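Novice: Okay, here's the prediction I keep looking at, along with the sequence it came from:
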Amino acid sequence: MAQSTIALIYGTDTNNTEEVGHKIAKQWEELGEQVDIFNIKDIELSQLEQYSMLILGIPTWDFGGIQSDWEDIGDSLAELALEDTVIALYGLGDQFGYGDYFVDAVGWLYEKLLPTNATFIGQWPTEGYEFEASRACVDSKEFFVGLAIDEDQQFELTDQRIEQWVIQLYAERAVEAA
């Protein structure tokens with residue numbers, strides 16, 4: 001059984017997505033919430049069903065590539081029973097080096113999870129980023145479906161973005177629970 005009501009699950013090859021995940025968890029802990037943290041390769045997918053909130057992190061590789069551990073289980077995600085679960089997504093990418101594919105993996109993950117009927121929170125404004133296209137943008141192109149982090153080009157903004165996003169998630173989750 002879950003130790004907390006929030007699980008943060010990440011996939012990573014360079015540890016950047018894991019490091020950002022730990023920063024997110026620390027912000028939640030400052031708000032009095034415990035977060036269980038897992039690497040996606042070390043958890044059974046069915047364990048995700050035990051949590052009322054999931055924070056899922058994924059990096060985008062090169063020209064829109066999906067991190068391999070997430071890609072391996074991608075088709076199984078739609079089978080999860082998450083209709084009573086709140087999900088927030090975050091992703092890492094390089095907006096200048098790969099501006100046509102910036103945080104595309106977040107959009108991929110969102111699309112894979114849509115059939116679960118989970119409630120998604122945590123849309124993040126695209127303002128302040130310079131990119132050409134992103135699969136993670138909502139139709140209006142004013143928001144990403146989750147937090148976008150660029151540790152390559154805007155690392156100095158990461159901590160501030162995380163802090164603001166977690167406060168936003170905290171408030172949005174409270175609205176969903178009401």
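Specialist: Sure thing, it's come through.
Novice: By residue count, which helix of this protein is the longest?
Specialist: Assignment by DSSP state H gives helix 158-177 as the longest helix of the chain.
Novice: what sits up against the helix or strand bottoming out on mean pLDDT in the chain?
Specialist: Taking mean pLDDT, DSSP states H and E as the measure, strand 65-66 is the helix or strand of the chain with the lowest mean score, a mean of 88. The set of residues external to strand 65-66 that reach it, using Cβ atoms under 8 Å, 6 or more residues apart in numbering, is 58, 60, 74, 105, 108. C-beta: built from backbone N, CA, C; applies to glycine.
Novice: Mind doing that once more with 7 Å?
Specialist: With Cβ atoms under 7 Å, 6 or more residues apart in numbering as the contact definition, strand 65-66 has outside contacts at 105, 108.
Novice: about what we covered before: the longest helix of the chain packs against which elements?
Specialist: Helix 158-177 sits against helix 16-30, strand 86-92, strand 119-121, strand 147-149, with contacts defined as 3 or more Cβ pairs under 7 Å, 6 or more residues apart in numbering; DSSP states H and E.
Novice: Restricting to C-alpha, output the longest one in CSV.
Specialist: Read it as helix 16-30. Listed next in CSV are the C-alpha coordinates belonging to helix 16-30 (Å, rounded to 0.1, in the frame of the first residue of the first chain):
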residue,chain,number,x,y,z
ASN,A,16,18.4,15.5,-15.0
THR,A,17,14.7,14.4,-14.9
GLU,A,18,15.4,12.6,-11.6
GLU,A,19,17.0,15.7,-10.1
VAL,A,20,14.1,17.9,-11.2
GLY,A,21,11.8,15.3,-9.7
HIS,A,22,13.5,15.5,-6.3
LYS,A,23,13.2,19.3,-6.4
ILE,A,24,9.5,19.0,-7.1
ALA,A,25,9.1,16.5,-4.2
LYS,A,26,11.0,18.9,-1.9
GLN,A,27,8.6,21.7,-2.7
TRP,A,28,5.7,19.4,-1.9
GLU,A,29,7.3,18.5,1.4
GLU,A,30,7.6,22.2,2.2
